[in-house]
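In: Here is the input, now give the coordinates:
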Amino acid sequence: MYNITFQQIEAFLMVARYLNMTRAAEKLYVSQPTLSKTLQRFEKGVGFPVFNRSNQGMSLTEQGECLYQSLDIMYGSMEAAIDHARDLDTAEKKRLRLVLPSAFDSIECFEPLRKAVERFRDRYPEVIVEESLCDYTEMKRKIDLGAADLVFAYDFIVESLPDACSKRVCLCTSYLAMAADHPLAGEENLSLDQLRGETMYMMEGGSDQREMLMAICERMGFRPKEIVMVSNFITLMHMIQKREGLCLCPKLEGELGKNLRYYALDSLSGNVYYSVAWYPEKLSVQARNFLKLL
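Out: Numbering: from 1, shown residues only. Model prediction:
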């Protein structure tokens, strides 16, 4: 067995998620020098470098990206199993487990949902509200493992959950987004010829995601050079900020939305909704009360 610890795996996953040592150290409640030493031990343990480091920042090596995809899923499953076992001892406590999109705090159209969470906390102070911010693959895993009461995701993600019930929460207006210093960002009106030479990025969420994005682009009147799927929202924003290409996304607030240029799509991309999903046979009283507030 390789000479690595769970602590080192957690450190690797957190840095891979944010590609920022300062932010990862804050999330792990450790100092940056401590995190750096932990990563060095992890790379020594696996036997190869997992990050490229330069003055421009950090990025995953090809081997690091492969390792991240696999370990993130396994580590998430392990956490879910531990949480489930822990809850067996605290079953008498009232809990509401919400699984929310990873950009929950940064997307404008989520404001009604954020307010609903606040109203629920005010009305039911005795209930422990657990919020997990996840990307779509982890969302599906949590609800399948019974580690979530309610899951919030795009319609097309919710529809892929077999036997789940759902309810639309808010309309999510999409924009064509690119880095503010992208060569096309200075254009008032983008031409279709310019867009045809661009790479489009999209987050993985289902087997037909690539086809869906291609259909949207063709309705807009162009076919991109290529469509690249990425594993999570942080990686998606990282690639766009690096001027690697374009994406369709809602308007973002805070750090994630900095230095982006948006172009309105009108109705060309179609209406996309965020919905809440649940399994009716597992719907708790707390989840039912939350649904009444939406």
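In: quick one, strands of the stretch 151-294 of the chain?
Out: In the stretch 151-294 of the chain, the segments counted as strands under DSSP state E, counting those that start in this stretch are 165-172, 175-179, 199-203, 226-230, 246-249, 260-264, 272-278.
In: any idea of the angle the longest helix seen in the chain forms with strand 226-230?
Out: In the chain, taking DSSP state H as the definition, the longest helix is helix 62-89. Angle of helix 62-89 versus strand 226-230, following axes from the mean of the first three to the mean of the last three C-alpha atoms, to 10 degrees, is 40 degrees.
In: now helix 62-89: mean pLDDT?
Out: For helix 62-89, mean pLDDT is 76.
In: Partner strands of the helix or strand just after it, with direction?
Out: Remark: after helix 62-89, the chain's next helix or strand is strand 95-101, criterion DSSP states H and E. Strand 95-101 sits in its sheet next to strand 128-134 (parallel), strand 150-154 (parallel), going by DSSP bridges.
In: right, and I143 touches S132 too?
Out: No - applying C-beta atoms under 8 Å as the test, I143 and S132 come out as separate, 10.8 Å apart. To be clear about C-beta, it is placed using only N, CA and C from the backbone, and glycine gets the same treatment.
In: list the helices and strands the strand or helix carrying R23 packs on?
Out: For R23, the host element (DSSP H and E) is helix 21-28. Here helix 21-28 is seen to pack against helix 6-18, helix 32-46 when contacts are counted using 3 or more C-beta pairs under 8 Å, 6 or more residues apart in numbering; DSSP states H and E.
In: same thing but at 10 Å, please
Out: helix 6-18, helix 32-46, strand 57-60 (3 or more C-beta pairs under 10 Å, 6 or more residues apart in numbering; DSSP states H and E).
In: Run the chain-centre distance for the longest one.
Out: Yep, that's helix 32-46 we're talking about. Chain-centre distance of helix 32-46: 25 Å, with C-alpha atoms, centre = their mean, to the nearest Å.
In: could you check the angle helix 6-18 makes with it?
Out: Between the axes of helix 32-46 and helix 6-18, defined by the same axes, to 10 degrees, the angle is 110 degrees.
In: buried set for the helix or strand that helix 32-46 is followed by?
Out: Using DSSP H and E, the helix or strand that follows helix 32-46 in sequence is strand 51-54. Neighbour-count burial for strand 51-54 flags F51 (criterion: 16 or more other C-beta atoms under 10 Å).
In: what lines up beside strand 51-54 in the sheet?
Out: Looking at strand 51-54 with DSSP bridges, its partner strands are strand 57-60 (antiparallel).
In: Buried residues of the partner strand, list them for me.
Out: In strand 57-60, counting by 16+ other C-beta under 10 Å, buried: 58-60.
In: Alright, that wraps it up for me.
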